[in-house]
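Participant: Quick check, what structure comes out for this input:
(one chain, ligands or ions: 3)
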Amino acid sequence: MIRIQQLALASTAITLASLGVGNVAQAASIVINGGFEDPALSTDGSFLIQNPIPGWTQTGGVAGAGIEIQRRAAGDPYEGKQLTELDGKSVTEISQDLATVIGQVYKLKFAFSARPENWPPNSGNATPGGASKLSIMNVSWGGTLIDTLTKDGTGLSNTDWSVYTYFLKATSKTTRLSFGNLTEPSDSYGSYLDDVNVTAVPTPALLPGLVGMGIGLFRKRKNQLDAVAK
Ligand SMILES: [Ca+2]
Ligand SMILES: [Ca+2]
Ligand SMILES: [Ca+2]
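Facilitator: Numbers count the residues shown, from 1 in each chain. Ligands and ions are numbered 1, 2, ... in the order given. Alright, predicted model coming up:
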């Protein structure tokens, strides 16, 4: 794992293309069910809490908190029809053990939103008064915390997705990828996660050097992406 400074795309002259990683998006993701589309719910407004689900297991929080899948129950997903809410019955950590190659650099990308306070306005699925609107996302790679993200759903009538991207090196044949909100108020309303992708970076010309220099982690917001799936 490389500890890195975070680079805002707009503040640097570095772009993915200039890093020689323009083809990264073409690599297949090694994450199973990264879009939380399985198990598939049949109707909008529905949700399901179970553990495990294909690809993902609850690894933190109280037993029985479960992994919550929502189909437009309280906001639009970033990708597909469904998303996961980390605050299922209570705060959780969910993980997937990835088959990785030692020394290989991977690109981690996912979308994170706070749970919106008002979806749709005045519906039964709006976050109730008294519940926290704070959403926290702790991201771990190989057991090491790599970032803590915070969003506030106060006043939102729909999701407000941001996409985060990191370049991370594998140091083991199995790398555990975890997302948790154990530091968020536990009230069954919280962090939304969708579209988790991990792709091997195909021998970029410049990236290994940059990683070596400590610039291995890179993140940017959705509005800096060229195209956004919705
Ligand atoms: Ca999805
Ligand atoms: Ca919940
Ligand atoms: Ca919460």
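Participant: Residues of this structure that sit close to ligand 3?
Facilitator: Within the chain, the positions near ligand 3 by CB under 5 Å from the ion are 87, 184-185, 187, 190. Using the backbone N, CA and C atoms, a C-beta is placed for each residue, glycine as well.
Participant: which ones among those residues are found in strands?
Facilitator: Counting by DSSP state E, no part of the residues of the chain next to ligand 3 is found in strands.
Participant: Which one of the residues you listed is nearest to ligand 2?
Facilitator: The shortest approach to ligand 2 among these belongs to residue 87, at 5.0 Å (CB to the ion).
Participant: What are the neighbouring residues in contact with the nearest residue to that closest one once chain neighbours are set aside?
Facilitator: Excluding its sequence neighbours, the residue lying closest to residue 87 (CB to CB, 6 or more residues apart in numbering) is residue 190, at 2.9 Å. Neighbour list for residue 190: 85-87, 91, 115, 132, 134-136, 181, 184 [criterion: CB atoms under 8 Å, 6 or more residues apart in numbering].
Participant: Check residue 74 too.
Facilitator: For residue 74, the contacting residues are 85, 115-116, 119, 125-127, by CB under 8 Å, 6+ apart.
Participant: separation between it and residue 125?
Facilitator: Note on residue 74: its distance to residue 125, by CB to CB, to the nearest Å, is 5 Å.
Participant: Could you pull out the residues contacting both of the two?
Facilitator: residue 119.
Participant: re earlier: show me the contacts of residue 74 that map onto strands.
Facilitator: If you go by DSSP E, those have residue 85 in strands.
Participant: And the contacts of residue 74, which is closest to ligand 3?
Facilitator: Of all those, ligand 3 sits closest to residue 115, with 7.7 Å by CB to the ion.
Participant: Much appreciated, bye for now.
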